[in-house]
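> predicted structure and sequence below. I'll ask about it afterward.
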Amino acid sequence: MDTVFTTRDKTETEPRDSPFWMVPPGVATDLLILAVVWFASLLIVWPVGDFPLNDDWAFARSVKRFLETGTFQPTAWAAMPLLTQTLWGSLFCLPAGFSFNALRCSTLVMSAAGVMVTYFTLRHVHPSRLVAVCGALTVALNPIYFALSYTFMTDVGFTALMMASALFLFRNLNSGNTVELIIGTGFALAATLSRQLALAVPLSFAICIIWTRGNRKDWWARALVPLLLSVGGLLAYQHWMQSLGRLPVASAKMNMRVYGTLSDPLLLLRGFSDHARPAVIYLGWFAFPLSMLLVGKRALGKSFGRWLPAALVGVGFLLLCADDLIHKSLMMPIIGNILVVQGIGPLTVHEAFDSEPPYLPSIGKTFWLIVTLFGVFGGALLLANIVAGICRCWRSYWVLKLPIELSAGVFFLLSLAGYLVTILALGGLDRYYMPALPLCLVGAAAIAAPKFASRSVEAAATGSPTLPLLCALISACLLAFMGVFAVFGTADYLNWNRARWRALNDLMATGKATPSDVDGGFEFNGWYLYDPNYKARRGQIFWWVQRDDYMVAFSEQPGYDVVKEYPYSNWLPPTQRRMLLLHKHP
């Protein structure tokens, strides 16, 4: 007979003031494993290169201006507050001055912190150390998280801050420790002043506090403090920037778009119907290694009432994707930006942007078919795991007072839903799904072991259960597959960018051209020539090209002569490629 966790005595329902600095056993060994993997991948990629990548030129401009003038003024390109990101990057530029290497180092530190926070959070919601290590590696080796760790993009830092906020607020939900509440609130505010969607975590915390503690004034105050301070901080920031005339145009437009979409049921429904399946496929692939570990007796149990609804949901998702898979109309990468058919990108030079030139072939249709299958089956498995966990204790969710032992799964899954609702409504790039990954992993793990998570620090001291060997082996293979793609794909991405910037720097050093004479790609022209009022001429690329007397490209282009070749190594597939510096015919 299934056990439904509804009875609660005082020791289970009242918060315990456990010290927030207590460290679970086995941490040193686990962190050593994570550190070895992390530093080995760092040495392979070798992140050195004083140049921008993707959108980070726009964020670097804010840092450079802040260091030189003491004035915080984001570019009009930024649609997020960016305050935390700017201050963090500036801190790393203080010792030796502004450089993209320093900014990249700041993100790598945040990236490592995000992996560790994910590990510690999993240790507090699931009894298995293997689950915690696997979950942390699933985040660390995620291709999007890994690739963005070598840029100054906001995604990784935002994810680390949001997860730190979730960890401390979750611990406060269990323990009532005031120090944890203060720390969690501070991280929530910092994350919100990086990107607005961090508000999902304090909102989920408020709901869970009230749901588990009841309608008492002291609990209402505790519940609302993180949310009110985060919302108040965001509103104060926007008022401050508006009063100075510095609020980015993109930020104001995004605020209006979010409000307009979330307030219109038809737009919401249309957005969900368009973007829900890609979201499940991406998160399914991302979470597949950990999802495999959660399969088995501890996740599904033997109860017919648990596995039948889970199986129906999983099979239903497979059937939803089956026709498109058979006709090969569903193929990763579904959404653009970081994951591109050639591997990891984006390919931000003129002739390769948003295209598949024959001289830059796909990493392989077989590879992307495997990834698509992983995404579909992983998505079905992820949904099944979550539904199985919900079915395990479904009676306890329909009460006015939620049992504290179920609060972990509810808290992290509500945070996940709060973050994803805006992404699903608006759509966007593949990297927008990445911050949802650690919330998804922790929520799935917590809902698979609800009673364990209620014991917070004390829970982590219990022995690790034995997990099915086959599931562990499959999970290890999935991690290896993802890790090889992430590490070598990112190495390729940095290699061709190094070649591009060698060509551009050599050209500038000769004095034959200025940035206004060059189409050096999105990052080059954005860094040197960004103009919010720029309008591209018909047939011209959008990135602020004034004159294209010179161009960098992967191959020879009509109307241009080759000035010089810049070779670089490529891992996926192993080959030697070249970046060309071109000059237009007179």
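Arrived safely, thanks for sending. Computed from a predicted structure; not experimentally measured.

> with adjacent residues omitted, what lies nearest to V563?
L581 (4.4 Å; CB to CB, 6 or more residues apart in numbering). Where C-beta positions appear, they are placed from N, C-alpha and C, glycine not excepted.

> now for that neighbour, how many residues are close by?
24 (other CB atoms under 10 Å).

> which residues touch it?
503-504, 506-507, 550-552, 562-566 (CB atoms under 8 Å, 6 or more residues apart in numbering).

> switch the cut-off to 6 Å
By CB atoms under 6 Å, 6 or more residues apart in numbering, L581 lies in contact with 503, 552, 563-564.

> what residues are bridge-paired with N570?
With DSSP bridges as the criterion, N570 is bridged to T575.

> can you pull the pLDDT of it?
Per-residue pLDDT puts N570 at 93.

> list the buried residues in stretch 579-586.
579-583 (16 or more other CB atoms under 10 Å).

> quick one: distance of that stretch to the chain centre.
38 Å (CA atoms, centre = their mean, to the nearest Å).

> could I have it exported to PDB, CA atoms only?
Below are the C-alpha coordinates for stretch 579-586, written out as PDB (Å, rounded to 0.1, in the frame of the first residue of the first chain):
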ATOM      1  CA  MET A 579      39.700  32.200 -42.000                       C
ATOM      2  CA  LEU A 580      40.300  34.600 -44.900                       C
ATOM      3  CA  LEU A 581      40.900  38.300 -44.900                       C
ATOM      4  CA  LEU A 582      39.400  39.700 -48.100                       C
ATOM      5  CA  HIS A 583      39.700  43.000 -50.000                       C
ATOM      6  CA  LYS A 584      37.000  44.200 -52.400                       C
ATOM      7  CA  HIS A 585      38.000  44.600 -56.000                       C
ATOM      8  CA  PRO A 586      38.800  48.200 -57.000                       C
END
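
> so, low pLDDT: which residues of the protein?
1-23, 296-306, 393-400, 450-467, 539 (pLDDT under 70).

> how is it divided into domains?
26-493, 494-584 (automatic domain parsing).

> hey, C-alpha coordinates of stretch 364-379 in PDB?
Output of stretch 364-379 as PDB, limited to C-alpha atoms (Å, rounded to 0.1, in the frame of the first residue of the first chain):
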ATOM      1  CA  GLY A 364      26.600  15.400 -39.200                       C
ATOM      2  CA  LYS A 365      22.900  14.500 -39.800                       C
ATOM      3  CA  THR A 366      23.500  11.300 -37.800                       C
ATOM      4  CA  PHE A 367      24.800  13.300 -34.900                       C
ATOM      5  CA  TRP A 368      21.800  15.600 -34.900                       C
ATOM      6  CA  LEU A 369      19.400  12.700 -35.300                       C
ATOM      7  CA  ILE A 370      20.900  11.100 -32.200                       C
ATOM      8  CA  VAL A 371      20.600  14.400 -30.300                       C
ATOM      9  CA  THR A 372      17.000  14.700 -31.400                       C
ATOM     10  CA  LEU A 373      16.200  11.200 -30.300                       C
ATOM     11  CA  PHE A 374      17.900  11.900 -26.900                       C
ATOM     12  CA  GLY A 375      15.800  15.100 -26.600                       C
ATOM     13  CA  VAL A 376      12.500  13.300 -27.400                       C
ATOM     14  CA  PHE A 377      13.100  10.300 -25.200                       C
ATOM     15  CA  GLY A 378      14.700  12.400 -22.500                       C
ATOM     16  CA  GLY A 379      11.700  14.700 -22.600                       C
END
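
> packing partners of the longest helix seen in the chain?
If you go by DSSP state H, the chain has its longest helix at helix 469-510. With contacts taken as 3 or more CB pairs under 6 Å, 6 or more residues apart in numbering; DSSP states H and E, helix 469-510 sits against helix 27-45, helix 143-148, helix 265-293, strand 343-344, strand 560-570, strand 575-584.

> whichever helix or strand comes after that helix: how far from the chain's middle?
Using DSSP states H and E, the next helix or strand after helix 469-510 towards the C-terminus is strand 518-519. Relative to the centre of its chain, strand 518-519 is centred 32 Å away, using CA atoms, centre = their mean.

> do stretch 471-485 as well
With CA atoms, centre = their mean as the basis, the mean position of stretch 471-485 lies at 19 Å from the chain mean.

> how about stretch 192-211?
Worked out by CA atoms, centre = their mean, stretch 192-211 lies 17 Å from the chain centre.

> using PDB, write down the CA coordinates of it.
Taking Å, rounded to 0.1, in the frame of the first residue of the first chain, the C-alpha atoms of stretch 192-211 are listed here in PDB:
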ATOM      1  CA  THR A 192      16.900  40.100 -10.500                       C
ATOM      2  CA  LEU A 193      19.200  43.100 -11.200                       C
ATOM      3  CA  SER A 194      20.900  40.800 -13.700                       C
ATOM      4  CA  ARG A 195      17.800  39.500 -15.400                       C
ATOM      5  CA  GLN A 196      14.200  40.100 -14.500                       C
ATOM      6  CA  LEU A 197      13.000  36.500 -14.600                       C
ATOM      7  CA  ALA A 198      14.800  35.700 -11.400                       C
ATOM      8  CA  LEU A 199      11.600  36.900  -9.700                       C
ATOM      9  CA  ALA A 200      10.300  33.400 -10.200                       C
ATOM     10  CA  VAL A 201      12.300  32.100  -7.200                       C
ATOM     11  CA  PRO A 202      11.100  34.600  -4.500                       C
ATOM     12  CA  LEU A 203       7.500  34.300  -5.900                       C
ATOM     13  CA  SER A 204       7.700  30.500  -5.500                       C
ATOM     14  CA  PHE A 205       9.100  30.900  -2.000                       C
ATOM     15  CA  ALA A 206       6.200  33.100  -1.000                       C
ATOM     16  CA  ILE A 207       3.700  30.600  -2.200                       C
ATOM     17  CA  CYS A 208       5.400  27.700  -0.500                       C
ATOM     18  CA  ILE A 209       5.800  29.500   2.900                       C
ATOM     19  CA  ILE A 210       2.200  30.400   3.000                       C
ATOM     20  CA  TRP A 211       1.100  27.000   1.800                       C
END
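
> OK, contacts around L267?
T261.

> for it, give its distance to I423.
14 Å (CB to CB, to the nearest Å).

> what do you get for N174?
Taking CB to CB, one finds N174 at 28 Å from I423.

> thinking again about what came up before, for the helices and strands packed on helix 469-510, which one sits closest to K535?
Comparison of those against K535 by CB to CB identifies strand 575-584 as nearest, at 21.9 Å.

> relative to strand 560-570, how tilted is that closest one?
Taking axes from the mean of the first three to the mean of the last three CA atoms, to 10 degrees, strand 575-584 and strand 560-570 form an angle of 160 degrees between their directions.
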